[in-house]
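Chemist: with the sequence up front, the predicted model follows.
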2 protein chains.
Amino acid sequence: MLDIRKGAILRAIVREFVRVGQPVGSRALSEKLGLSVSAATIRNDMALLEDLGYIHRPHASAGGVPTDKGYRWFIDNWPGSAWPELPAGQQRAINGAFEHGFHALEEALDTTSQILSEVTEAVAVVAAPPSRENRLRRLELLTRADGRVGLLLIADTGLVEQGLVDLPESKTEHELNELGTTLNAVLDGAAFEDLPAKLAADAALPSHPYDPCRALIADEIQRIVTGSTWERIYRGGTANILTREKFSDLETAGGVVGVLEQPLILAALLGEARGAGTMIVIIGQEHPIRQMQACATVLASYGLGDQRRGTLAVIGPTRMDYPLTISAVNLVARSLSGLLDDLAS
Amino acid sequence: MLDIRKGAILRAIVREFVRVGQPVGSRALSEKLGLSVSAATIRNDMALLEDLGYIHRPHASAGGVPTDKGYRWFIDNWPGSAWPELPAGQQRAINGAFEHGFHALEEALDTTSQILSEVTEAVAVVAAPPSRENRLRRLELLTRADGRVGLLLIADTGLVEQGLVDLPESKTEHELNELGTTLNAVLDGAAFEDLPAKLAADAALPSHPYDPCRALIADEIQRIVTGSTWERIYRGGTANILTREKFSDLETAGGVVGVLEQPLILAALLGEARGAGTMIVIIGQEHPIRQMQACATVLASYGLGDQRRGTLAVIGPTRMDYPLTISAVNLVARSLSGLLDDLAS
DNA sequence: TTTAGCAGTCGGAACGGGCGGGTGCTAAAT
DNA sequence: ATTTAGCACCCGCCCGTTCCGACTGCTAAA
């Protein structure tokens, strides 16, 4: 546990370094900042902070820059019980985007990722709730000119999954409609992931003879709901990694962008936030993926109840404005939850 | 018009500079490359090429690097009538991706952009055919728990557009179904952009009294098909801009990524390729957008017939392997057209 | 018209000194 | 015992210099 003054110094170092991006020295600390002690005293404390691993010196006679551990302390020992309110401007920006009113989930998530990236000046990533947890609102069967049948699973959130079935015998539009109606009756309101089981249970009823069409359709539904290759992920502000020049070199920036491009890796990363009810902050070395160890990630989940939660993240340099970012992520997560509620009703 | 030898020299300079990224001097040209003339001769020719603006020297005593005009000549004066075949490896990669078989358009376009970016080691951008040119396969009306009505426009390519209507009077599911059936009868097979007109024409029939529900639905359809804010654009390989280190500094790379992030700008850019039946190559300064003048862009369109064409582009450094890129874009455009044909049948 | 040879030029790496910010230590002050 | 002032020192950064190598432009001969 840190001394009160040492804590104040470490906090000041973090804040100042985040602001200017330069190692901060003892003089600057004693003069410009509110610490009314002399530079020499601060030097002593800084030596200790360095021994404890909270700050690091780029070279022997340089100011201190916070280590990952330093940032970690900064966050874990935030004074007061709550994170500060988001500045009015940013708050307006976010609320404004949500008041606009969305007509589809993907539009909402896309806009969200953009607005979040603008507010935080970092990269924002938003993952939709996993498709398999969506509830079915309607199943549609479409006749096609080539004889195949288009299959649509429409969720209550507005998500639409598509499939294609090659039926052995051609059906009339009327027959298909009828089949659709019965299937809808069986499946209505079920979670996507439960659809195969429900279909199987229904097919096993003694009153139902084996129907190859339904079996094929069941197969396709199975494929759709297990095909998790396609988690929907929305990104915003990728350019911030480069233009905000907090990232120094092309090498690391490229690594980060590379990871951001791989939906699977990203999905796994975002998945971590689903269980934990609260917000997660991953700083530098704490991150399991090497390329991301130059970054800090702020993760949160949003959504309907305990299941059906999506996640969102802001990825920026370790040298980010943590309070601001955390507050922004918080607000956006709350707003998104509300929106989802509205869309699904 | 360039001398045969001067042409050969310019071509050699382009190829060599693309390969190594360093100004290429007269000695290297005469020794390593197949030109059986002495360095001095080449020097003379290079002086001329410089006067004509085909090459440029970074400083007084340096080798030559192709100017945009040089690349332009390289492409416009390609010997032989056709671009070379794509190397077998890349060809397999592309064909492999398409053999896989896609179940939905967006999956196909996403995969396409990825594979294209891998093959060309650049950024690939694929734009779906404009939504308004899609043909309606089915219109769906969905009841919702909160009384509003979900509206789905399903295109023959599998594209689904969504809307939300707030009807004044609540309808039973049965009534909605009936309304849906009549609307489908009126609108079946029409292009999205023609839907409002068709609805208006139908509503004007003397046999039809004014129906506020249909009017509201018509409004929403109008909104959907004109809301072009949401052209679907798929990107792949953004990281290549950074990692392939052909781009030197963060500044320009950031500019390019920034442009890539703005769907509207990108859509406008891609739109240019729609009219022209053939491929378009935009090199450096030729590009209207300043940030992109560090890049070269290879554009082509694909699709069904004259209308309903999507576009795709590869964006890389001006120092790109043009023959390879052009061939790859060509092949992918052909494959995509075939796929679209298949999906829409 | 092409080639060989040579002087000239320029950029980039390597080197070195001066500058300034910042430390660590010591000794005095509280 | 803790804090402060003073001072010597350290080290990265900037800037000018030099050296080296690569390539050109020119001239004269083939």
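Modeler: Structure's in. What do you need? Residues are numbered from 1 along each chain as shown, chains lettered A, B, ... in the order given.
Chemist: next, A:Glu161: secondary structure please.
Modeler: The three-state assignment at A:Glu161 reads strand, by DSSP: H, G, I helix; E, B strand; the rest coil.
Chemist: before we move on, what SS does the nearest residue to it once chain neighbours are set aside have?
Modeler: Excluding its sequence neighbours, the residue lying closest to A:Glu161 (CB to CB, 6 or more residues apart in numbering or on different chains) is A:Leu153, at 4.3 Å. In this view, the C-beta of every residue, glycine as well, is placed from N, C-alpha and C. Put simply, A:Leu153 is strand when judged by three-state DSSP.
Chemist: isn't A:Leu153 right up against A:Gln222?
Modeler: No: contact criterion CB atoms under 8 Å: A:Leu153 and A:Gln222 do not qualify, at 11.6 Å.
Chemist: check the burial of whichever residue of the stretch 51-200 of chain A sits closest to DNA strand C by counting its neighbours.
Modeler: Going by CB to the nearest atom of the strand, DNA strand C is nearest to A:Ser61 of the stretch 51-200 of chain A, at 3.9 Å. Using other CB atoms under 10 Å in any protein chain shown, A:Ser61 is surrounded by 7 other residues.
Chemist: ok, it - contacts?
Modeler: Residues near A:Ser61 by CB atoms under 8 Å, 6 or more residues apart in numbering or on different chains: none.
Chemist: assign it to helix, strand or coil.
Modeler: Assignment for A:Ser61 (three-state DSSP): coil.
Chemist: and A:Glu107, by the same measure?
Modeler: helix.
Chemist: re the thing from before, need the overlap of contacts for A:Leu153 and A:Gln222.
Modeler: Joint contacts of A:Leu153 and A:Gln222 (CB under 8 Å, 6+ apart) are A:Leu195.
Chemist: who's more crowded, the two?
Modeler: For A:Leu153 versus A:Gln222, the count of surrounding residues by other CB under 10 Å is larger for A:Leu153: 23 against 16.
Chemist: identify the bridge partners of that one.
Modeler: A:Leu139, A:Glu161 (DSSP bridges).
Chemist: so it versus DNA strand D, what's the distance?
Modeler: The spacing between A:Leu153 and DNA strand D, counted by CB to the nearest atom of the strand, to the nearest Å, is 58 Å.
Chemist: report the buried residues of the helix or strand harbouring A:Arg11.
Modeler: Using DSSP states H and E, A:Arg11 sits in helix A:4-20. When burial is assessed from 16 or more other CB atoms under 10 Å in any protein chain shown, helix A:4-20 yields the following buried residues: A:6-18.
Chemist: and for the residue lying closest to A:Asn184 once chain neighbours are set aside, the neighbour number?
Modeler: Distances taken as CB to CB, 6+ apart put A:Leu139 closest to A:Asn184, at 5.4 Å, once the chain neighbours are dropped. Residues contacting A:Leu139 under the criterion other CB under 10 Å number 20.
Chemist: returning to what we had before: give the next helix or strand downstream of the helix holding A:Arg11.
Modeler: Later in the chain than helix A:4-20, the nearest helix or strand by DSSP H and E is helix A:26-32.
Chemist: name the helices or strands packed onto that following helix?
Modeler: With contacts taken as 3 or more CB pairs under 8 Å, 6 or more residues apart in numbering or on different chains; DSSP states H and E, helix A:26-32 sits against helix A:4-20, helix A:39-51.
Chemist: in a markdown table: those helices, plus mean pLDDT.
Modeler: As requested, the helices and strands packed on helix A:26-32 are exported to a markdown table (pLDDT from 0 to 100):
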| stretch | mean pLDDT |
| --- | --- |
| helix A:4-20 | 93 |
| helix A:39-51 | 93 |
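Chemist: what's the closest of these to B:Gly303?
Modeler: helix A:4-20 (49.3 Å; CB to CB).
Chemist: how far off centre is the closest one?
Modeler: Its chain's C-alpha centre and that of helix A:4-20 lie 29 Å apart, by CA atoms, centre = their mean, to the nearest Å.
Chemist: give me the contact list for that helix.
Modeler: A:2, A:23-24, A:28-29, A:32-35, A:37, A:42, A:45-46, A:48-49, A:54-55, A:64-66, A:70-71, A:73-74, A:77, A:319-322.
Chemist: would you mind checking these for buried ones?
Modeler: Here the buried ones among the contacts of helix A:4-20, as counted with 16+ other CB under 10 Å, turn out to be A:2, A:23-24, A:28-29, A:33, A:35, A:42, A:45-46, A:49, A:54-55, A:64-66, A:70-71, A:73-74, A:319-322.
Chemist: follow-up on the earlier one: tell me who's in contact with the residue nearest to A:Glu161.
Modeler: A:Leu136, A:Leu139, A:Val160, A:Glu161, A:Gln162, A:Gly163, A:Phe192, A:Leu195, A:Ile221, A:Ile224, A:Val225.
Chemist: and the pLDDT at it?
Modeler: If you check A:Leu153, the pLDDT there is 91.
Chemist: just the one 4 residues further on next, same as before
Modeler: Predicted confidence (pLDDT) for A:Thr157: 81.
Chemist: ok so A:Tyr234 is a helix residue?
Modeler: No: the assignment for A:Tyr234 by three-state DSSP gives strand, which leaves it out of any helix.
Chemist: please identify the buried residues of the helix or strand where A:Thr325 lies?
Modeler: Following DSSP H and E, the helix or strand that holds A:Thr325 is helix A:322-344. Going by neighbour count (16+ other CB under 10 Å), the buried part of helix A:322-344 is A:322-333, A:335-337, A:339-340, A:343-344.
Chemist: how about stretch A:76-90?
Modeler: A:Trp83, A:Leu86, A:Gln90.
Chemist: return the subset of those lying in helices.
Modeler: Under the assignment DSSP state H, these contribute A:Gln90 to helices.
Chemist: nearest to chain B among the buried residues of stretch A:76-90?
Modeler: A:Gln90 (19.8 Å; CB to the nearest CB).
Chemist: skip the chain neighbours and tell me the closest residue to that closest one.
Modeler: Sequence neighbours aside, A:Val119 is the residue nearest to A:Gln90 in space, at 4.5 Å (criterion: CB to CB, 6+ apart).
Chemist: just the CA trace of stretch A:313-324, in PDB.
Modeler: Provided in PDB are the C-alpha atoms of stretch A:313-324 (Å, rounded to 0.1, in the frame of the first residue of the first chain):
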ATOM      1  CA  ALA A 313     -14.300  -2.600 -26.000                       C
ATOM      2  CA  VAL A 314     -12.100   0.400 -26.400                       C
ATOM      3  CA  ILE A 315      -8.500  -0.200 -27.500                       C
ATOM      4  CA  GLY A 316      -6.000   2.500 -27.200                       C
ATOM      5  CA  PRO A 317      -2.500   3.100 -26.100                       C
ATOM      6  CA  THR A 318      -1.600   2.200 -22.500                       C
ATOM      7  CA  ARG A 319      -1.200   6.000 -22.200                       C
ATOM      8  CA  MET A 320      -4.900   6.600 -22.500                       C
ATOM      9  CA  ASP A 321      -7.200   8.700 -20.400                       C
ATOM     10  CA  TYR A 322      -8.600   5.900 -18.300                       C
ATOM     11  CA  PRO A 323     -11.300   7.700 -16.400                       C
ATOM     12  CA  LEU A 324     -12.700   9.200 -19.500                       C
END
